[in-house]
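Trainee: task: produce atomic coordinates for the following.
(2 chains)
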Amino acid sequence: MITARGLARTFSLPGNKRRFRSPARKVDAVRGVDLDVADGELVGFLGPNGAGKTTTLRMLATLLRPTAGEATVAGRDLRTDPAGVRRRIGYVGQGNSAGLDQRVREELVLQGRFHGLTPAVAARRADDLLDRFDLTETAHRVAATLSGGQKRRLDLALGLVHQPALVFLDEPSTGLDPHSRAGLWEHVRELRAEHGSTVFLTTHYLDEADALCDNLLVIDAGRIVAKGSPEELKQRVSGDLVVLTASDPVKTAESAANLPGCTELSREAEEVRFRVPRGDTALPALLRELGAASIQVDSVRTHRPTLDDVFRTVTGRSLQEV
Amino acid sequence: MSMLLRQTGLVFLRSIRPTLHRPSVIIIGLAQPLLYLVLFGPLLRGLSTGDGDSWQWYVPGIMVQLALFGTAYSGFGLLPELRSGALERLRVSPVSRIALLLGRVSRDVTLLVVQAALLALVSVPFGFRAGVGPVLLGLALLALLGLAIGSASYALAMRLRQEYAFAPVLAMTVLPAMLLSGVLLPMNLAPRWLYVLSRVNPLSHVVDAERAIVAGQWGATSIWLGPLLAVALAAVCVTWGAWTFRQDSV
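Mentor: Coordinates of the predicted model:
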């Protein structure tokens, strides 16, 4: 559905030419991105703000001319046939895409007609989407009067009227309350289940990427630094985190150190922390051993690696810090 | 071609709908020229404005003034759509960039023609007299001028993107263009340098043409010079506008 090779985009910031005669400053927003997205895949583009997610998405959606690289999007060449790409994709940007002075249903029907649907088909799809996104009551209201969640659902509906084979969603759940987010995830999953659509979304929410996506691309400073399914990516982190408090932390730490693949072992007061590849299978053996040595274990916690751990492993920074 | 017309029609429909839902906008836009008509027009009574009644001279002028002010500010309507995602959504749709521009401008031109016709009608009790044919031709010239100025306004809005940048540029261009077009007072009252300056302003020729058309002076040179300049201006501005609508995209 998407193939991209060496996609890059440089922005030039206008320098103060008169005063310093300085050349315009160049900012490399995206530096050579390779992408392969299969038909029907739900792909997440994960990275901190400013990493190049939106720039890449805008290039793939024909909104921004790449400075270098090639891409085929929905079977059409991005450079030679942008109109062909536009006919086949749906795009939901970061902003609200309904005109504020437009009535909800009219805007939705027109969007279908912009994509070449007949008035009757466009009207039917619009009513269908209004119903599905729980917007029927707002149909004759002006978009400016909608709540944030309603506006976002309308954005989604506007991106889907023409039932595109490929949908781009840029930060779809930003600004939504938890309830609306869950609803949005449901809609995205349905979209794929019912129409086999390919979905390419950007997010900086780890839980969203984790819950929703088959495959993830982690981007940092304009480059893709890791790719794979959420599970694969998490396995790249050196295992589950185990936190244990026991009556004899020194001996507990010694026993833990003997576990195969144990890393990042640390001890602070009564608490012992370490990572093992499989916490669930390693722990029973450790607990038996400690029991045999009459060491009393007061509490045990294990944490599955999160995508934040993945991000930290790959970039050395936490996603929350940037 | 039929595709372009169809798409332009759809964009036009989208642009004019808010106006149809709230038609008071049409009257509000007429307030300024009406004020000029009522509070300024009578001052010209004793003035030599060429042959005939001063109203025949003044009314075509304020119709051009209406065209100028009515369409020069239309870019403001684009700014909120530019900042939200609305324009971006339309730019990802397969609608041609020219249709995105022309559909919007058609709305402004339609509004302008309706307002100018109303203005001509309202002027009749004051003493304005003109044939229906000449007035229709005059409206066509206004439409052409509106197409040019409206396109330029959208092009500027696309480039400047913010009200605080857009408003001063408009103020610095629209007011001098109006003052130098001779809509308020005959430019032959002006000192030589001011008169020359007004002749350089293409709008002054359009104003002359509008007056000649409405008066039915088919032999005047301005009757072809004005429309010719308006066509050239429209060609340049539409090209510029369409170009800004595709800026930086593939």
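
Trainee: so what's residue B:220 closest to, chain neighbours aside?
Mentor: Using Cβ to Cβ, 6 or more residues apart in numbering or on different chains and skipping residues adjacent in sequence, the residue nearest residue B:220 is residue B:212, 4.2 Å away. (Each C-beta comes from the backbone N, C-alpha and C, glycine too.)

Trainee: three-state assignment of that neighbour?
Mentor: helix (DSSP: H, G, I helix; E, B strand; the rest coil).

Trainee: and the residue in the stretch 151-300 of chain A that chain B sits nearest to, how far from residue B:71?
Mentor: For the stretch 151-300 of chain A and chain B, the shortest gap (Cβ to the nearest Cβ) falls at residue A:158, measuring 6.2 Å. Residue A:158 is 29 Å from residue B:71, where distance means Cβ to Cβ, to the nearest Å.

Trainee: neighbours around the residue nearest to residue B:220, how many?
Mentor: Neighbour count for residue B:212, taken as other Cβ atoms under 10 Å in any protein chain shown: 22.

Trainee: and chain A, which residues reach chain B?
Mentor: Residues of chain A lying close to chain B by Cβ under 8 Å from any Cβ of the partner chain are A:59, A:61-66, A:78-79, A:82-83, A:85-87, A:89, A:91, A:93-103, A:106-107, A:110-111, A:113-116, A:142, A:155, A:158-159.

Trainee: show me the shaky parts of the stretch 101-250 of chain A.
Mentor: Counting by pLDDT under 70, the stretch 101-250 of chain A contains low-confidence ranges at A:238.

Trainee: quick check: beta-bridge partners of the closest residue to residue B:21 other than its chain neighbours?
Mentor: Using Cβ to Cβ, 6+ apart and skipping the chain neighbours, the partner closest in space to residue B:21 is residue A:103 (7.5 Å). Bridge pairing for residue A:103 (DSSP bridges) gives the partners residue A:142.

Trainee: count of residues packed around residue A:204?
Mentor: Neighbour tally, residue A:204, other Cβ under 10 Å: 18.

Trainee: same question for residue B:180.
Mentor: Neighbour count of residue B:180, defined by other Cβ under 10 Å: 19.

Trainee: surely it touches residue B:199?
Mentor: No. Judged on Cβ atoms under 8 Å, residue B:180 makes no contact with residue B:199 at a distance of 9.0 Å.

Trainee: so where does the residue most central in space within chain B fall, helix or strand?
Mentor: Nearest to the mean C-alpha position of chain B, by Cα atoms, centre = their mean, lies residue B:67 at 2.7 Å. Taking DSSP states H and E as the definition, one finds residue B:67 inside helix B:54-72.

Trainee: which strands and helices sit next to that helix?
Mentor: Helices and strands touching helix B:54-72, by 3 or more Cβ pairs under 8 Å, 6 or more residues apart in numbering or on different chains; DSSP states H and E, are helix B:24-39, helix B:97-123, helix B:132-160, helix B:163-179, helix B:202-215.

Trainee: what would the ones you listed look like in TSV with mean pLDDT?
Mentor: Below are those laid out as TSV (pLDDT from 0 to 100):
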stretch	mean pLDDT
helix B:24-39	90
helix B:97-123	96
helix B:132-160	96
helix B:163-179	95
helix B:202-215	96
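
Trainee: any idea which of the ones you listed is most buried?
Mentor: helix B:202-215 (a mean of 25; mean count of other Cβ atoms under 10 Å in any protein chain shown).

Trainee: leaving out chain neighbours, which residue sits closest to residue 139?
Mentor: Going with chain A. residue A:105 (4.0 Å).

Trainee: my question was about chain B
Mentor: Leaving out its chain neighbours, the residue that sits closest to residue B:139 by Cβ to Cβ, 6+ apart is residue B:113, at 5.3 Å.

Trainee: what lies in contact with the host helix or strand of residue A:90?
Mentor: Counting by DSSP H and E, the element that carries residue A:90 is strand A:89-92. When contacts are defined by Cβ atoms under 8 Å, 6 or more residues apart in numbering or on different chains, strand A:89-92 is touched by residues A:61, A:63, A:73-74, A:155-156, A:158-160, A:162, A:164-170, A:172, B:88-89, B:92.
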